[in-house]
Each structure stands twice: as structure tokens, then as C-alpha cells.
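*Asks:* okay, here's the prediction I keep looking at, along with the sequence it came from:
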Amino acid sequence: MNILILGSGGREHAITWKLAQSSRPLKLFVAPGNPGTAGVATNLPVDPLDFERVREVILANSISMVVVGPEVPLAEGIADFIMSDSALAGVEVIGPCRAGAMLEGSKDFAKGFMKRHGIPTAAYETFTPGTFNDAVSFMRRMKPPYVLKADGLAAGKGVLIINDFDEAVSELREMLGGRFGTAGSKVVIEEYLRGIEMSAFVITDGISYRILPEAKDYKRIGEGDTGKNTGGMGAVSPVPFASPSFLEKVEARIIKPTIEGLKLEGIDYRGFIFFGLMNTGGDPYVIEYNARLGDPETEVIMPRIGSDLYDLLEGVAQRDLASRRIEILPDTAVTVMMVSGGYPDSYGKGFPVSGVENVTESIIFHAGTTMKDGRLVTSGGRVIAVTSLGPAMQEALDKSYSSVRKISFNGMNYRKDIGSDLKNRIV
Ligand code: AMP
Ligand code: GLY
């Protein structure tokens with residue numbers, strides 16, 4: 001069984017690492033992959049957005065399953081492309097079709113979907129350049145802070161939370177005026193939710209679903225959740241405040257109605273769904289959907305799956321996920337993301353990374369690294385995710401931070417407080 005994983009980050013390394021442990025005879029390919037995936041699979045120098053090249057490598061390597069890591073190829077219709085090509089008949093895609101990827105690709109679609117299916121989310125309205133004045137009146141009736149969301153994919157930068165009314169109006173004018181290109185041609189304005197965030201994840205074959213470990217990520221660059229938003233500076237799973245009763249509410253009020261809603265709307269969704277949630281007074285609300293797994297959440301989810309990941313993927317391919325089991329380990333997994341100096345603003349690349357070979361008690365997931373003249377060097381903002389498991393969070397954190405101290409590269413930065421907000425939290 002030959003499997004192609006699309007993407008090049010820590011998420012894709014973690015998926016590939018987990019699949020490499022399958023008891024089934026899998027041959028793994030990653031496009032384009034990174035030096036970490038090269039250790040457990042064959043990297044192919046192909047851009048996942050170059051669908052024709054993806055098609056060529058599927059045929060050349062007798063690929064029978066494609067696992068799509070990032071959102072952009074999904075939103076651009078990679079699943080539809082593969083499934084509609086007769087030469088690729090029988091190739092299964094783990095990742096939704098374009099219509100399913102709209103859950104992430106259009107905030108307006110996602111909000112409308114939740115409204116249609118009674119899924120708890122912040123109250124909202126959607127505006128366009130032609131309804132700018134209505135948007136201003138809407139905001140006048142709201143209490144600050146104002147939450148403005150560009151409708152389309154904006155690489156994690158499309159959400160603004162602003163306290164000042166005049167500033168919110170001027171930001172809205174810029175968003176509708178094209179600051180995010182077509183992604184901002186519609187803007188969702190919604191109620192601000194107070195609480196604590198976490199994320200839930202499922203895999204679905206469009207009929208049933210299996211719940212994966214939940215996670216909490218650390219989005220801001222600075223300790224104490226300060227400074228700019230990043231792709232994610234670390235993650236923890238399980239989430240201590242996600243009690244069994246809270247997770248039951250998540251399943252009953254959010255996961256089940258989402259899967260049923262997709263069926264009712266005729267969207268044959270096969271892949272992962274990421275639910276960004278706010279726990280507001282013990283009740284879950286959806287902040288966002290993603291049509292993929294999270295990064296760095298995947299770096300803590302995969303190590304906590306005790307059973308064979310391929311069995312779940314095969315369940316999706318064969319539409320019999322209901323008969324597949326998932327075993328989740330009780331251990332805590334944490335990951336600390338080591339990033340380039342300057343990130344999330346501009347940063348240098350090509351700095352040699354040393355010490356990775358000295359790490360023995362953690363799992364190294366490569367995110368933004370490459371090989372240059374036989375040396376491992378930095379090639380992105382997020383460079384390496386250092387994941388550890390332990391019977392409790394503190395042991396896992398101790399291992400990750402001790403491993404982090406063995407690794408070095410010019411300008412490296414990391415958050416020293418991953419998980420610390422969860423330590424004394426009452427459930
Ligand atoms: P999103 O890209 O939708 O995940 O939004 C980015 C971040 O903005 C989220 O992770 C939240 O921290 C925050 N956020 C988004 N929507 C809301 C909301 N309605 N209330 C409070 N915070 C929000
Ligand atoms: N870590 C957040 C995301 O993957 O969207």
C-alpha cells in the first residue's frame with residue numbers, strides 16, 4: 001500500500017511518523033516533506049498546489065491513498081481533482097472535497113452552517129462593501145471588543161479583535177477595501193466570547209466519526225499569551241479542563257450535529273475536522289472549523305494514539321469507520337516549538353541547527369528545516385517541534401525543555417511557559 005502525504009511541516013512529519021509505525025506494509029511518500037520525513041519516508045520534490053505534478057507522482061509511484069496536510073490544497077479542490085480523474089480511479093483522499101473545505105475556507109459559510117444546524121457559536125452578521133453602513137450600525141449596537149473576520153483564507157491573519165469603536169470601523173473599511181484581497185470581500189462581525197480555548201479533532205468517513213485526542217495550543221509569540229499571533233508555539237494534550245462532561249457536551253452539541261449537517265447538505269466529507277472551541281462557563285462554542293489537523297496540535301495528538309493510524313484511514317477509504325477502533329493513551333503529550341528569531345515577522349534562514357542528534361527522551365518533529373551541503377539548516381519561521389510524553393504534564397514538559405536546551409541555532413526562540421496556565425487550573 002503506497003501512501004502520499006502532502007505538506008512539509010511538523011504536522012506532516014507527525015502523521016508520517018505515526019503511519020511509519022503501522023503494522024501494515026505501507027510505503028510512505030511525502031511531497032515535498034522535510035529532513036524529518038526523509039527519515040521515515042521518501043520525499044518527492046512536488047508542490048502540493050501543482051495538481052498536475054501531484055497526479056504524475058501518484059501514477060509514477062502507484063499511490064492508492066493521499067493524505068492532505070494543509071488547508072490550501074483542500075480549498076483549491078485537490079480531492080475533487082483526484083476523484084474526478086479516471087486515471088486516478090480508486091485513489092482515496094483523506095481530506096474533504098472543496099465543498100467540505102468551505103467549513104474552513106469561508107467564515108460566512110461556516111457561520112451559516114452552524115446556524116442551520118443549531119451548533120453553538122457567537123452571534124454574527126456578514127457584511128460586504130455594499131453594506132458597510134449597516135456593518136457600522138451593527139457594531140454600534142454591540143459591546144466591545146469587536147471581532148472582525150475576513151471571510152476567506154488569510155493564513156491565520158484574517159481575525160481582528162479591537163476594543164475601540166473608531167479603530168474597528170477603520171479596520172473594517174480596510175478589510176472590505178481589499179487588505180486581504182478577495183478573502184476580505186466579505187467580513188463576518190461577531191460577538192466576543194469570553195472563556196478558555198481548546199480544540200477537538202475528529203476523523204470522519206462521512207457516515208460516522210472517531211474522536212481524536214483534544215489539544216490546547218499556544219498561539220501568541222510571547223510568554224503569558226502576549227504579542228503577535230503565530231501558527232502555534234506549543235501544544236498540550238489532554239487538556240486538563242476538558243472534563244468528561246464538557247467533552248460529552250462537545251460531542252452532543254457540536255460534533256454530532258456537524259457530521260449530520262454535512263450529510264443533510266449533501267457534502268460527502270472524508271477527512272479530519274478541527275473544532276476550535278471556547279469553553280464559556282462550562283459550555284462549548286465553536287470559534288472556527290478547520291478542514292485539516294492543526295499544527296502543532298498534531299505533534300501531540302499522534303503520539304497519544306495507541307492504535308494503528310492506518311486502520312482509521314482505511315476505515316475512511318472503505319466507509320466503515322464505524323467498525324474501527326481508536327485507542328488513546330492516558331499519557332500527557334506536550335510540544336514546544338522552536339522558532340526563528342524575528343518570527344512571526346521577518347526572520348533569517350539557512351542557520352545551521354545543531355544538537356538534534358543528542359536528543360534521546362523527546363520526539364523531534366521537523367517543521368522549517370532543510371539540508372544544505374549535508375547540514376541541517378533552518379528554512380522557516382517554525383523550525384522544530386520538540387514533543388515528549390509523560391505520565392503527567394510536568395514530566396513531559398521537563399523532558400521537552402531539557403531536549404530544547406540541547407538544540408541550538410542562530411536566533412532561536414521558544415516559549416518557556418507552555419502548559420503553565422493549565423497547572424493549577426480547577427476543572
Ligand atoms: P480564528 O482564526 O477564527 O481561530 O480566530 C483567531 C483567534 O481569535 C481565536 O483563536 C480566538 O483566540 C480569537 N477569537 C476568534 N473569534 C472569537 C470570538 N468570537 N470571541 C473571542 N475570541 C475570538
Ligand atoms: N495551530 C492552529 C492551526 O493549526 O490552525
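*Replies:* Great, that's in hand. What you see is a predicted model; the values in this text were computed from it and never measured. Ligands and ions are numbered 1, 2, ... in the order given.
*Asks:* tally of neighbours for the residue of the stretch 1-150 of the chain found nearest ligand 1?
*Replies:* For the stretch 1-150 of the chain, the residue positioned closest to ligand 1 under C-beta to the nearest ligand atom is A122, at a distance of 3.9 Å. Where you see a C-beta, it was placed from the backbone N, CA and C, and this is true even at glycine. As a burial measure, A122 scores 19 neighbours (other C-beta atoms under 10 Å).
*Asks:* quick check: it touching Y285?
*Replies:* Yes. The pair A122 and Y285 qualifies as a contact (C-beta atoms under 8 Å) at a distance of 6.4 Å.
*Asks:* between the two, which contacts overlap?
*Replies:* Listed as contacting both A122 and Y285 by C-beta atoms under 8 Å, 6 or more residues apart in numbering are L193.
*Asks:* alpha carbons of the longest helix anywhere in the chain, in CSV - could you do that?
*Replies:* Counting residues, the longest helix in the chain under DSSP state H turns out to be helix 393-404. What follows is helix 393-404 as a C-alpha-only set of coordinates in CSV (Å, rounded to 0.1, in the frame of the first residue of the first chain):
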residue,chain,number,x,y,z
MET,A,393,2.2,17.1,32.1
GLN,A,394,5.1,18.2,34.3
GLU,A,395,7.2,15.1,33.3
ALA,A,396,6.5,15.7,29.7
LEU,A,397,7.4,19.4,30.0
ASP,A,398,10.6,18.6,31.8
LYS,A,399,11.7,16.3,29.0
SER,A,400,10.8,18.7,26.2
TYR,A,401,12.6,21.7,27.8
SER,A,402,15.7,19.6,28.6
SER,A,403,15.7,18.5,24.9
VAL,A,404,15.2,22.0,23.7
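*Asks:* quick one: buried residues of it?
*Replies:* Taking 16 or more other C-beta atoms under 10 Å as the neighbour-count basis, helix 393-404 is seen to contain the buried residues M393, E395, A396, L397, K399, S400, Y401, S403, V404.
*Asks:* swap in stretch 159-166?
*Replies:* Of the residues in stretch 159-166, V159, L160, I162 count as buried by neighbour count, 16+ other C-beta under 10 Å.
*Asks:* and the closest residue to the second one other than its chain neighbours, backbone torsions?
*Replies:* Read that as L160. Of all residues beyond its chain neighbours, the one nearest L160 is L148 (4.6 Å), with distances taken as C-beta to C-beta, 6 or more residues apart in numbering. With angles defined as degrees, to the nearest 10, L148 shows backbone torsions of phi -110, psi 130.
*Asks:* so L148 is in contact with E171, correct?
*Replies:* Yes. With the criterion set as C-beta under 8 Å, L148 and E171 qualify as a contacting pair; they are 6.1 Å apart.
*Asks:* does the most centrally placed residue in the chain count as helix, strand or coil?
*Replies:* The residue lying closest to the centre of the chain (C-alpha atoms, centre = their mean) is G294, at 1.7 Å. Secondary structure of G294, reduced to three states by DSSP: H, G, I helix; E, B strand; the rest coil: coil.
*Asks:* can you read off the pLDDT for it?
*Replies:* In the predicted model, G294 carries a pLDDT score of 97.
*Asks:* just say helix, strand or coil for F201.
*Replies:* State at F201, reduced to three classes by three-state DSSP: strand.
*Asks:* for it, grab the count of nearby residues.
*Replies:* As a burial measure, the neighbour count of F201 was computed by other C-beta under 10 Å and equals 23.
*Asks:* beta-bridge partners for it, please?
*Replies:* With DSSP bridges applied, the residues forming beta bridges to F201 are L212, F274.
*Asks:* distance of it from V46?
*Replies:* Separation of F201 from V46 (C-beta to C-beta, to the nearest Å) stands at 27 Å.
*Asks:* excluding its backbone neighbours, what's nearest S208?
*Replies:* Skipping the residues right next to it in sequence, S208 comes nearest to A322 by C-beta to C-beta, 6+ apart, at 4.1 Å.
*Asks:* three-state assignment of the one you found?
*Replies:* A322 is classified as helix under three-state DSSP.
*Asks:* now do it, the pLDDT please.
*Replies:* We note a pLDDT of 97 for A322 in this prediction.
*Asks:* next up, the contacts around it.
*Replies:* Contact analysis of A322 by C-beta under 8 Å, 6+ apart lists I207, S208, G315.
*Asks:* just the ones of those in strands?
*Replies:* For these, membership in strands holds for none, with DSSP state E as the criterion.
*Asks:* on the three-state scheme, the nearest residue in space to L247 that is not next to it in sequence is what?
*Replies:* Leaving aside its chain neighbours, L247 sits nearest to E214 (7.0 Å; criterion: C-beta to C-beta, 6+ apart). Recorded secondary structure, E214: strand (three-state DSSP).
*Asks:* just the one 10 residues further on next, same as before
*Replies:* Secondary structure assignment for G224 (three-state DSSP): coil.
*Asks:* if I look at it, how far off is F241?
*Replies:* Looking at G224 against F241, where the rule is C-beta to C-beta, the gap reads 18 Å.
*Asks:* and R210, by the same measure?
*Replies:* Distance check for R210 against F241: by C-beta to C-beta, it reads 23 Å.
*Asks:* of those two, who's got more company?
*Replies:* Under the criterion of other C-beta under 10 Å, the comparison of R210 against F241 puts R210 first, with 20 against 17.
*Asks:* the closest residue to D417 other than its chain neighbours: neighbour count?
*Replies:* Among residues not flanking D417 along the chain, E223 sits closest, at 4.5 Å (C-beta to C-beta, 6+ apart). Here the count is done by other C-beta under 10 Å, and E223 has 14 residues near it.
*Asks:* ditto for R325
*Replies:* Tallying neighbours of R325 according to other C-beta under 10 Å, which is how burial is gauged here, yields 10.
*Asks:* give me the phi and psi angles of it.
*Replies:* Dihedral angles for R325 - degrees, to the nearest 10 - are phi -110, psi 160.
*Asks:* repeat for G306
*Replies:* Note on G306: backbone dihedrals following degrees, to the nearest 10 are phi -80, psi -30.
*Asks:* near it, how many other residues are there?
*Replies:* 11.
*Asks:* now it: how far from I287?
*Replies:* Look at G306 and I287: by C-beta to C-beta, they are 29 Å apart.
*Asks:* could you do L59 as well?
*Replies:* Using C-beta to C-beta, L59 is found at 40 Å from I287.
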